[in-house]
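Chemist: Let's see this in three dimensions:
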Amino acid sequence: MPEAIDYIVKVSDLKKDAAIADIGSGTGILTELLLAKAKTVYAVEPNAEMRLKAEERLGEQFAFRSVDGKGESTTLPDQCVELITAAHSLHWMEPADAKREFRRILKPGGWLATVNNVNLENDFLEAWEEAMNECSFDFSPKEMRLKAFDPDDYFIAYEVVEFPFRLLHTLDSWIGASLSIAFAPSDFDAAFDEYLEAVSDVFHLFSKNEHVEIHGVTEARVGRLAFS
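Modeler: Numbering: from 1, shown residues only. A predicted model of the protein is given here:
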C-alpha cells in the first residue's frame, strides 16, 4: 500500500502543508500511511471502538486528528481539505449524500482517492469466509448496509493503477486484521470468543513457519469529484 499512497500524492500534487480527510478510517491503517504526507490528517470514523483503536496507536502523532463522523456528515469545516481518501469504505455510504458532504469539505481543485485490495481469492481466505459463515454471530444486519461501489457514482474523471502486494501475517496480526473489518463482532458480542477461535483455527490450519501469506492487488483510484 505505500506505493499506492505515493501514487495518490503524486497525482494530486499534495503538499506537505495540506490537510487530508480519511473517510471511514476504521482502525487507522490508511491514516497511518498518510500522516507523513500532510500537515493534518482527519481520521473520520463513526464506529467508536475502531476510532479508539486508531487513537491508541496514532494519538501522539502531530498530524493525527480523530473525528467522530461519517461520510455523509463528517462534522469538518467547509473547504478544509485538499484530499479525501477512502479505503474500503464508500460502499457503506449513500453516494448522493456523501458527495454533497465531500464537495462541502474539499477546497477548490481538491481530489478524491480510493484504495481497495482486490484479487484476494485463495484457499486460506476462502476457509476464513466459511468459518465466518458458520459462526453463530449474525453478520446480516451489517451486510444489508453495504452499497455497491460504482466509481462513476463519485468521480467525474479518474486514473486507476494496480500495485501487487504480498502480506505475511502472524497469528496476532491476522487476529487484528480479522477484528478490524466492519463485519467483525465486538468484544461485547456473545459470539466474540467463538469468532476468535474460528479465526485462530483457520490460521493454524494454513500457517507455515507460524505465518500465512496473502497475495493480491491494491487498486488506487485518484480523480475529481462528480458534480452531482
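Chemist: can you pull out the helices in this protein?
Modeler: Listed in chain order, the helices of the chain (DSSP state H) span 2-12, 29-34, 48-58, 95-105, 123-134, 140-143, 151-154, 171-180, 192-206.
Chemist: Any idea which residue is closest to the centre of this structure?
Modeler: Nearest to the mean C-alpha position of the chain, counting by Cα atoms, centre = their mean, stands residue 87 at 3.3 Å.
Chemist: ok, that residue touching residue 28?
Modeler: No: at 10.4 Å, residue 87 does not count as touching residue 28 under the criterion of Cβ atoms under 8 Å. In short, each C-beta sits where N, CA and C put it, glycine included.
Chemist: Around residue 30, count how many other residues there are.
Modeler: 25 (other Cβ atoms under 10 Å).
Chemist: Show the model's pLDDT score for the residue nearest to it when sequence neighbours are not counted.
Modeler: Of all residues not flanking residue 30 in the chain, residue 87 sits nearest, at 4.2 Å (Cβ to Cβ, 6 or more residues apart in numbering). On the pLDDT scale, residue 87 is placed at 92.
Chemist: Quickly list what residue 87 is bridged to.
Modeler: On the basis of DSSP bridges, residue 87 is bridged to residue 115.
Chemist: Distance to residue 64 and mean pLDDT added to the helices of the chain, as JSON lines?
Modeler: Formatted as JSON lines, these follow (distance: least, Cβ to Cβ, whole Å; pLDDT from 0 to 100):
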{"stretch": "helix 2-12", "distance to residue 64": "16", "mean pLDDT": "93"}
{"stretch": "helix 29-34", "distance to residue 64": "7", "mean pLDDT": "94"}
{"stretch": "helix 48-58", "distance to residue 64": "5", "mean pLDDT": "92"}
{"stretch": "helix 95-105", "distance to residue 64": "18", "mean pLDDT": "94"}
{"stretch": "helix 123-134", "distance to residue 64": "30", "mean pLDDT": "84"}
{"stretch": "helix 140-143", "distance to residue 64": "27", "mean pLDDT": "50"}
{"stretch": "helix 151-154", "distance to residue 64": "25", "mean pLDDT": "86"}
{"stretch": "helix 171-180", "distance to residue 64": "17", "mean pLDDT": "85"}
{"stretch": "helix 192-206", "distance to residue 64": "28", "mean pLDDT": "91"}
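Chemist: TSV for the ones you listed, including distance to residue 165?
Modeler: Compiled in TSV, the helices of the chain are given as follows (distance: least, Cβ to Cβ, whole Å):
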stretch	distance to residue 165
helix 2-12	8
helix 29-34	13
helix 48-58	21
helix 95-105	27
helix 123-134	14
helix 140-143	26
helix 151-154	21
helix 171-180	13
helix 192-206	18
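Chemist: and residue 113, which of these is closest to it?
Modeler: helix 2-12 (4.5 Å; Cβ to Cβ).
Chemist: Mind giving me the packing neighbours of that closest one?
Modeler: Under the contact criterion of 3 or more Cβ pairs under 8 Å, 6 or more residues apart in numbering; DSSP states H and E, helix 2-12 touches helix 29-34, strand 81-87, strand 106-118, strand 155-169, strand 212-225.
Chemist: Pull up the distance across stretch 56-68, start to finish.
Modeler: The first residue of stretch 56-68 is 15 Å away from its last residue (Cα to Cα, to the nearest Å).
Chemist: How about stretch 116-125?
Modeler: 16 Å.
Chemist: Buried residues, that stretch. List them.
Modeler: Neighbour counts using 16 or more other Cβ atoms under 10 Å place 116-117, 124 of stretch 116-125 among the buried residues.
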